[in-house]
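Student: got a sequence here, can you model it:
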Amino acid sequence: MDPRQSRGYRNRNPGNIEHNAANRWQGLDQPPIESAPPGGRARFARFVAPEYGIRALAMLLTTYQDRHGLRTIRGIISRWAPGSENDTEAYIAAVARRMDRHPRGELDLHRFDDLRPLVEAIIVHELGGNPYGRATIDAGLRLAGVVPGGREAVTRNGTARAAAGTAAAGVGGVAAA
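Tutor: The predicted model follows:
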């Protein structure tokens with residue numbers, strides 16, 4: 001399957017995040033492409049650019065860590081893709097294999113080196129491939145405040161300083177415009 005034919009790609013929502021009016025995501029576009037059923041609403045969010053969909057994906061994942069204490073592929077994917085809608089075990093195995101990590105190994109999703117491969121593995125699983133270049137994914141992670149170098153970045157003179165925006169912006173994935 002060509003990932004560019006997927007709903008997530010068309011909606012610029014590579015994590016297939018469900019629409020929730022309480023989440024006022026940066027870059028949220030309305031209305032979603034998928035037409036709403038009569039008297040209802042579209043199921044999935046739509047973003048103005050894929051970088052904002054990637055940002056929302058990253059924000060939700062870091063919320064799973066910070067608010068819910070989920071620090072493993074198994075824990076994160078079990079919440080992301082519950083068994084009531086997914087083959088969660090297959091999803092966990094695919095993500096762990098793609099990341100070359102043990103499903104129960106600890107991750108720190110405020111570290112670029114842990115978050116980026118997880119985001120990319122979820123994109124591949126949700127869209128059936130990765131239609132985005134490295135720059136697009138990295139831009140989405142920057143919008144979420146996660147940059148190479150992790151929680152600290154090194155200044156030109158070699159001293160450590162807190163990286164701008166590495167803390168999750170917003171509560172529960174909800175962020176002001």
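
Student: which parts of the protein are strands?
Tutor: Assigned by DSSP state E, the strands in the chain fall at 28-29, 46-47, 152-154, 160-162.

Student: shaky segments in the protein?
Tutor: Within the chain, the ranges that satisfy pLDDT under 70 run 31-41, 150-177.

Student: now for the longest helix anywhere in it, which elements pack on it?
Tutor: The single longest helix within the chain, with elements called by DSSP state H, is helix 50-68. The contact analysis (3 or more Cβ pairs under 8 Å, 6 or more residues apart in numbering; DSSP states H and E) places helix 50-68 against helix 73-80, helix 112-127, helix 134-143. Every C-beta, even on glycine, is put in place using the N, C-alpha and C of the backbone.

Student: neighbours of residue 8, how many?
Tutor: 21 (other Cβ atoms under 10 Å).

Student: correction: residue 62
Tutor: Around residue 62 there are 22 residues (other Cβ under 10 Å).

Student: I'd guessed it sits against residue 119; true?
Tutor: No - no contact is recorded between residue 62 and residue 119 when judged using Cβ atoms under 8 Å, the distance being 10.4 Å.

Student: so what's the residue nearest the centre of the chain closest to, chain neighbours aside?
Tutor: In the chain, the centroid-proximal residue (Cα atoms, centre = their mean) is residue 57; its distance is 2.0 Å. Nearest residue to residue 57, sequence neighbours excluded (Cβ to Cβ, 6 or more residues apart in numbering): residue 15, at 3.6 Å.

Student: in this structure the one you found contacts residue 127, no?
Tutor: No - assessed by Cβ under 8 Å, residue 15 is found out of contact with residue 127, at 9.2 Å.

Student: joint contacts of the two?
Tutor: Residues touching both residue 15 and residue 127 (Cβ atoms under 8 Å, 6 or more residues apart in numbering): residue 8.

Student: how about the contacts made by residue 140?
Tutor: Counted by Cβ under 8 Å, 6+ apart, residue 140 has contacts 50-55, 57-58, 119.

Student: chain neighbours aside, what residue packs nearest to it?
Tutor: Nearest non-adjacent residue to residue 140, counting by Cβ to Cβ, 6+ apart: residue 54, 2.6 Å away.

Student: ok, the one you found - how many residues close by?
Tutor: Per other Cβ under 10 Å, the neighbour tally for residue 54 reads 30.

Student: ok, it - contacts?
Tutor: 14-15, 119, 123, 132, 136-137, 139-141, 143-144.

Student: cool, thanks, talk later.
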